[in-house]
Each structure stands twice: as structure tokens, then as C-alpha cells.
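*Asks:* got a sequence here, can you build the structure:
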Amino acid sequence: TNQNIDIVQKNCEKTLERSFRDYLTNCYNRTFFKEYWEKVTTDGGWPISFLYVDICGLKMVNDLLGHDVGDKMILRLVNIMESVIQMSKYIIRMGGDEFLVVLPECGMELIAECEKNLNKYMKFKNEGKDIPVVFSVGSSSLYGKEDSLEDAIHAAERRMQRHKEVTRREDLLFLKSYIEAVKNTEVAYQDSRLYPVKNGT
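*Replies:* Here you go, the predicted structure:
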């Protein structure tokens, strides 16, 4: 019957939608991005801008405070991106601590403003009692399908890495203070990671 066909179709659509989502954050995944980009190259929507966002110190937090706390950091970053970027966007989880934000019909001036607002919001919100999330951001823009998507994403990622190198020490010291407050014990910083101090040494 038509009703049964409708039910099957809706179930297929739900299954497809779930296959496009990251299980933890409900953000889109790489599979979605591949499908989406094929549509963009056909339908347009230029310019398109990208934000490449990477969390600082997630592995250290996982090691010292547990993956539940690390997951809260990830989810808090997603909430920040959703709150701060007030325009049409697709947030894609590229890996454990890396996200790509795709903004259709967004040029260089708007994407620069988004990047600035994200950094300002991070500093403001980390003054509270919530779990801190420290991240680095890089941006780039595309103005037509003749431009290279791969080059644009790599450009945003490189800018993010340069930002991360500049702020890495400050960011890790900030996380060190937070971890010490939670554990109520001193921790040492070695080889770009934090480990608990043993026997007062």
C-alpha cells in the first residue's frame, strides 16, 4: 500500500540521515561532506568559507581526567560554534578533536569576523566554572568551483596550526591549572603532555 511505502521511505531517510551524523556530537561527518560538496559544485552557493577548528590538550584531559570529561570538552566546543556562528553552516567532525565549519555564501570579511568572535567567546566563557575548552582556528574562502576545495581546506588547516603553535604553551598551562584544581594535586608538564607528580617529585 501507499502507506507502507511511505513508512519504508521515511525509515530509509532516517537511516541515511544517521549515516551522515557523528554519534557523539550529532555533527555531520566526512561522508556527508562528500555528498554535500558534489551538490555545491552543481547548485552553487559561492563564495564558500571554511573554519578549521582544533581542540588543544584533549588527549591530556582524556588521560588525566577520563574520556567522559574529554567528551564534555568536545560537546562544549560544538555548542560554542553553534551559538557564536549565527548564519547558515555545516559543522563537520573531521577527527577526534578537529572540526570543519562550512559556511555557504560567506566571504573573507564575514569569515574573519566569525573567527574573531569564536576566539573572544572562548576567552570569555573559560572564566566560568564550566569545563574549559581551548581551541585554535584557521580560515579560508572559495569563490567558484574552478578553485580547489582541497587547497582551501589545507589553507585553513595550516592557519589553524600556526595559531596553535603560537598559543600552545599558554593553552597547556591554562589546562594544567584546571586539571590541578579538579584533581586537587600538582601535575608536571613533560614532553608536551601532563602527568601526575609522583612522590612529590
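
*Asks:* every contact and neighbour count from this point should use C-alpha atoms.
*Replies:* Will do.

*Asks:* what segments of this structure are helices?
*Replies:* For the chain, the helices defined by DSSP state H occupy 2-19, 30-43, 58-65, 67-84, 108-125, 149-183.

*Asks:* what's the closest of the ones you listed to residue 101?
*Replies:* Nearest to residue 101, of all these, is helix 67-84, at 8.6 Å by Cα to Cα.

*Asks:* what mean pLDDT does the closest one have?
*Replies:* Regarding helix 67-84, the rounded mean pLDDT is 93.

*Asks:* same list (the helices of the chain) but as a markdown table, adding mean neighbour count and distance to residue 49.
*Replies:* Compiled in a markdown table, the helices of the chain are given as follows (neighbours: other Cα atoms under 10 Å; distance: least, Cα to Cα, whole Å):
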| stretch | mean neighbour count | distance to residue 49 |
| --- | --- | --- |
| helix 2-19 | 11 | 24 |
| helix 30-43 | 13 | 13 |
| helix 58-65 | 18 | 26 |
| helix 67-84 | 17 | 15 |
| helix 108-125 | 15 | 6 |
| helix 149-183 | 16 | 9 |
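
*Asks:* so which of these is nearest residue 137?
*Replies:* Of all these, helix 149-183 comes closest under Cα to Cα, at 4.6 Å.

*Asks:* so the closest one versus helix 58-65, what angle?
*Replies:* Here helix 149-183 runs at an angle of 20 degrees relative to helix 58-65 (axes from the mean of the first three to the mean of the last three Cα atoms, to 10 degrees).

*Asks:* that's all I had, so thanks and see you.
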